[in-house]
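Engineer: give the three-dimensional model of this entry:
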Amino acid sequence: MKRHAFLFMLHIAESSSTTEEYFRLLFHSKGIASEGPDRVRNVLYYETRTLASALDDLVIRDKIDAFRCRGAERILRRLLAITLALRPVTSAANLDRADWNVAEVIDLPIESVRPDLKGLRRARAEASKRVAHRVRLQRIAQKVKKWGKPFGAYFNTLLSGCSDHDVEQVRKIAFGKYNGGTFTDDVSQIYNVFLPT
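Structural biologist: From the prediction side, this is the model:
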């Protein structure tokens, strides 16, 4: 089924400049593109155009490889399902002919999305590592604050192995200073450059 979804994407690419345009034209050709009082037609038209726009954003703007993206496949399958369900429909008068059973077969079930446990573990480990690093920097900053100066042999010993960014973070935490001025002074200088009075 994945193959059919991607063949459908190639068909859309050959037929229109964007996916959203393809479905707008499809709905207009069937006479069911509606922004009027018919709520069912409005919701279907809006859902389809939203999904088509999301797919365009993924592929065109964000440069996502749709052939490897599970989210893009899910959107494509839903759009294919809507297209096939609307195949018997020729006008707004016979919208009830839409075969939504086809849509249920093509759509990926929501339960099919299993959590990526390895990815979750990696994210948790990275978050724990960053929190531990931040706590370490705060402890060092407390010692530096007691020492009273953000330089010298003791300061260098405490921060051996730390990056320049970490050294600046410790100075900011301990003394609220950054490159000789207070942090709020730096922010106001940035505002003055971009928002002159």
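
Engineer: just the element for Arg68, please.
Structural biologist: Arg68 belongs to no helix or strand when assigned by DSSP states H and E.

Engineer: oh sorry, the question was meant for Phe27
Structural biologist: helix 19-30.

Engineer: what's the burial count for Leu26?
Structural biologist: Number of residues near Leu26 (other CB atoms under 10 Å) recorded here: 20. The C-beta positions use only the backbone N, C-alpha and C, and glycine is treated the same way.

Engineer: now do the contacts for it.
Structural biologist: Thr83, Leu86 (CB atoms under 8 Å, 6 or more residues apart in numbering).

Engineer: buried residues of the helix holding Phe27, list them for me.
Structural biologist: Thr19, Glu20, Tyr22, Phe23, Arg24, Leu26, Phe27, Lys30 (16 or more other CB atoms under 10 Å).

Engineer: show me how far the lengthiest helix in the chain is from its chain's centre.
Structural biologist: Secondary structure of the chain per DSSP state H: the longest helix is helix 117-147. Here helix 117-147 is found 26 Å from its chain centre; the criterion is CA atoms, centre = their mean, to the nearest Å.

Engineer: if we can go back for a sec, so which of the buried residues of helix 19-30 comes closest to Gly119?
Structural biologist: Thr19 (28.1 Å; CB to CB).

Engineer: any stretches of the chain with poor pLDDT?
Structural biologist: 1-2, 35-41, 108-116, 150, 177-197 (pLDDT under 70).

Engineer: can I get the CA coordinates of the helix or strand Arg78 falls within in CSV?
Structural biologist: Assessed by DSSP H and E, Arg78 sits inside helix 70-85. Extracted in CSV, the C-alpha atoms of helix 70-85 (Å, rounded to 0.1, in the frame of the first residue of the first chain):
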residue,chain,number,x,y,z
ARG,A,70,6.3,8.2,8.2
GLY,A,71,4.2,11.4,8.7
ALA,A,72,4.2,12.2,4.9
GLU,A,73,3.1,8.6,4.2
ARG,A,74,0.2,9.0,6.7
ILE,A,75,-0.9,12.2,5.0
LEU,A,76,-0.5,10.7,1.5
ARG,A,77,-2.6,7.7,2.5
ARG,A,78,-5.3,9.9,3.9
LEU,A,79,-5.4,12.0,0.7
LEU,A,80,-5.4,8.9,-1.5
ALA,A,81,-8.3,7.5,0.6
ILE,A,82,-10.3,10.7,0.2
THR,A,83,-9.6,10.7,-3.6
LEU,A,84,-10.7,7.0,-4.0
ALA,A,85,-13.7,7.5,-1.7
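
Engineer: and the angle for that helix with helix 19-30?
Structural biologist: Angle, helix 70-85 to helix 19-30, by axes from the mean of the first three to the mean of the last three CA atoms, to 10 degrees: 10 degrees.
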